[in-house]
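**Q** Below: sequence and its predicted model.
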Amino acid sequence: MKGDLTQNELALIEAAREGGREAIQTLLRRHWPWLKGLVYGILGSTRDLDDVMQEVCLRVITRIRTLREPSSFRAWVATVARREALNYRHRRPMPSAWSDGSATLSPPDRHVYDPAEDVEKKELYARMAEAIRGLPEKYREVLVLAHSGELTYAQMAEVLNVPITTMQIRLVRARRMIRDRIAGTSEQRIYER
Amino acid sequence: MSTTDDRLEILIGRLLDGELSPTEQHDLECELERDGEARELLNHLRTLHDCSTEVLADDVRDHGSDPDVIFERAWQQSKRSFWRRVVQADGHLRFAAGLAAGFLLGVGLHFVLARDTRPATRIVVESPVAQASPGRTGERERIIPAVQRGRTMQVTRTVDWYGFTDGTGNKWLIEGIHEGVARPVAYQGEL
């Protein structure tokens, strides 16, 4: 929602537009988790996340003066992040294994090396990671934003620049694709046995 | 999947994301009480939701450098000189800069060369009065000094001129201006 920024945040944005370093840094730090999620959703991997986030910071620093309406900061910074991620992906295409989801992925580190973890759970995490990375970009974007825990549905719709109903449908489809992929893998495993 | 399934999945999704309104919560509870498959779906989606959250937390939130470190690098980068940025820019920007520089160079050369090829205007100052000579009658002369009038003034004009001798033996110098009007500009009996 456009008008949901606090007075404090609006004042910060005004200061940032004047070129205040502290203000820009504070703003970016506050919005960092979901911005990172958005960039990850487009890149599909964490390989170049830092590089793209640095590009986003640079663009915000040099372009914040062009922001006309402080209340639309979130949508503006989301556009900046999306554009930088897309440009980066265009310049350095990801290995095909990332885009088609066929890579053999290991589960997250803390689950792999934790001896107390159940084997089935580890397998589920691995399949989940693979399924998320294999999602089409627009579904991966919305799923990552939803799980960032930072934004409401209205804010997510604003960031993605789509109506809230479209955003919800994408989220349902993303979850359905993951469920189907994981269920498919399970069924395949049973069949192989 | 039917519309009912879609609606049920949307409601469960809103529940898991903490977006469910009281009315929707009531609707969902009714549905869960009535339909065992709906309860099963809720349990399944909840497991996947928790798993997704953990996977993404591990993959996104726990990866990458500290925001302040990345910001510092970007800030230093923004302070670099313009030319350094141009040199380090990507292909498109370098191409655009080269194109602009080439265009400016071309425009500059155009004007410099155009000035050099324009015919030089000679200002003849040696004599204030044109003189006719027998061999030059009817010859086109591009530059002649102006006739001396009340005030001494050096003016150059592009005119045609010629001389002739009338019936009584007087010699005339005739100036023909480009509009086709001929008028005498000087007469001196001793020419």
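**A** Right, received. Where do you want to start? Numbering: from 1, shown residues only, chains lettered A, B, ... in the order given.
**Q** Can you spell out which helices and strands pack onto the helix or strand in which A:Val60 is found?
**A** For A:Val60, the host element (DSSP states H and E) is helix A:49-63. Secondary-structure packing of helix A:49-63 (3 or more Cβ pairs under 8 Å, 6 or more residues apart in numbering or on different chains; DSSP states H and E): helix A:21-43, helix A:73-91, helix B:67-78. In this view, the C-beta of every residue, glycine as well, is placed from N, C-alpha and C.
**Q** Tell me which of those lies nearest to B:Glu24.
**A** When the helices and strands packed on helix A:49-63 are compared by Cβ to Cβ, helix A:21-43 sits nearest B:Glu24, at 24.1 Å.
**Q** between that closest one and helix A:73-91, how many degrees?
**A** 50 degrees (axes from the mean of the first three to the mean of the last three Cα atoms, to 10 degrees).
**Q** which secondary structure elements does helix A:21-43 contact?
**A** Using 3+ Cβ pairs under 8 Å, 6+ apart: helix A:21-43 touches helix A:7-17, helix A:49-63, helix A:73-91, helix A:137-148, helix B:67-78.
**Q** Just the buried positions in it, please.
**A** A:23-28, A:31-43 (16 or more other Cβ atoms under 10 Å in any protein chain shown).
**Q** So what's the gap between it and the chain middle?
**A** 10 Å (Cα atoms, centre = their mean, to the nearest Å).
**Q** For it, give the mean pLDDT please.
**A** Averaged across helix A:21-43, the pLDDT comes to 91.
**Q** Below-threshold pLDDT in chain B: ranges please.
**A** Counting by pLDDT under 70, the ranges of chain B that qualify are B:1-4, B:81-90, B:116-159, B:176-191.
**Q** Return the residues of it in contact with chain A.
**A** B:1, B:6, B:9-10, B:13-14, B:17, B:19, B:44-45, B:48-49, B:51-61, B:63-65, B:67-68, B:70-71, B:73-75, B:77-78, B:90 (Cβ under 8 Å from any Cβ of the partner chain).
**Q** if you look at those, which of them are in helices?
**A** Mapping these onto helices (DSSP state H) picks out B:6, B:9-10, B:13-14, B:44-45, B:48-49, B:51-56, B:67-68, B:70-71, B:73-75, B:77-78.
**Q** Which entries within these meet the buried criterion?
**A** Buried members of these, scored by 16+ other Cβ under 10 Å, are B:9-10, B:13-14, B:45, B:48-49, B:51-56, B:67, B:70-71, B:73-74, B:77-78.
**Q** just how off-centre is whatever helix or strand A:Gly184 lives in within its chain?
**A** In this structure, A:Gly184 sits in helix A:164-192 according to DSSP H and E. Taking Cα atoms, centre = their mean, one finds helix A:164-192 lying 18 Å from the centre of the chain it belongs to.
**Q** For that helix, give the mean pLDDT please.
**A** For helix A:164-192, the mean per-residue pLDDT is 79.
**Q** which helices and strands does that helix pack with?
**A** Using 3+ Cβ pairs under 8 Å, 6+ apart: helix A:164-192 touches helix A:119-133, helix A:137-148, helix A:153-160, helix B:3-16, helix B:36-56.
**Q** picking up where we left off before, let me know which of the helices and strands packed on helix A:49-63 is the nearest to B:Asp35.
**A** helix A:21-43 (33.0 Å).
**Q** Now the closest one - C-alpha only, CSV.
**A** Taking Å, rounded to 0.1, in the frame of the first residue of the first chain, the C-alpha atoms of helix A:21-43 are listed here in CSV:
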residue,chain,number,x,y,z
ARG,A,21,24.3,9.0,3.3
GLU,A,22,22.9,7.9,6.7
ALA,A,23,19.3,8.2,5.5
ILE,A,24,20.0,6.1,2.3
GLN,A,25,21.8,3.5,4.3
THR,A,26,19.1,3.2,6.9
LEU,A,27,16.4,3.0,4.3
LEU,A,28,18.2,0.2,2.4
ARG,A,29,18.9,-1.7,5.6
ARG,A,30,15.2,-1.6,6.5
HIS,A,31,14.1,-2.9,3.1
TRP,A,32,17.0,-5.3,2.7
PRO,A,33,15.4,-8.7,3.4
TRP,A,34,12.6,-8.5,0.9
LEU,A,35,14.8,-6.7,-1.7
LYS,A,36,17.3,-9.6,-1.4
GLY,A,37,14.4,-12.0,-1.8
LEU,A,38,13.2,-10.2,-4.9
VAL,A,39,16.6,-10.3,-6.5
TYR,A,40,17.0,-14.0,-5.5
GLY,A,41,13.6,-14.7,-7.0
ILE,A,42,14.8,-13.3,-10.4
LEU,A,43,18.4,-14.7,-10.3
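**Q** circling back to that earlier point, please dump the helices and strands packed on helix A:164-192 into JSON lines; it should also carry distance to B:Ile174 for every row.
**A** Below are the helices and strands packed on helix A:164-192 laid out as JSON lines (distance: least, Cβ to Cβ, whole Å):
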{"stretch": "helix A:119-133", "distance to B:Ile174": "97"}
{"stretch": "helix A:137-148", "distance to B:Ile174": "88"}
{"stretch": "helix A:153-160", "distance to B:Ile174": "87"}
{"stretch": "helix B:3-16", "distance to B:Ile174": "102"}
{"stretch": "helix B:36-56", "distance to B:Ile174": "100"}
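**Q** of all those helices, which lies closest to A:Ala183?
**A** Between the helices and strands packed on helix A:164-192, helix B:36-56 lies closest to A:Ala183; by Cβ to Cβ that is 9.0 Å.
**Q** same for that closest one, what does it pack against?
**A** helix A:119-133, helix A:137-148, helix A:164-192, helix B:3-16, helix B:22-34.
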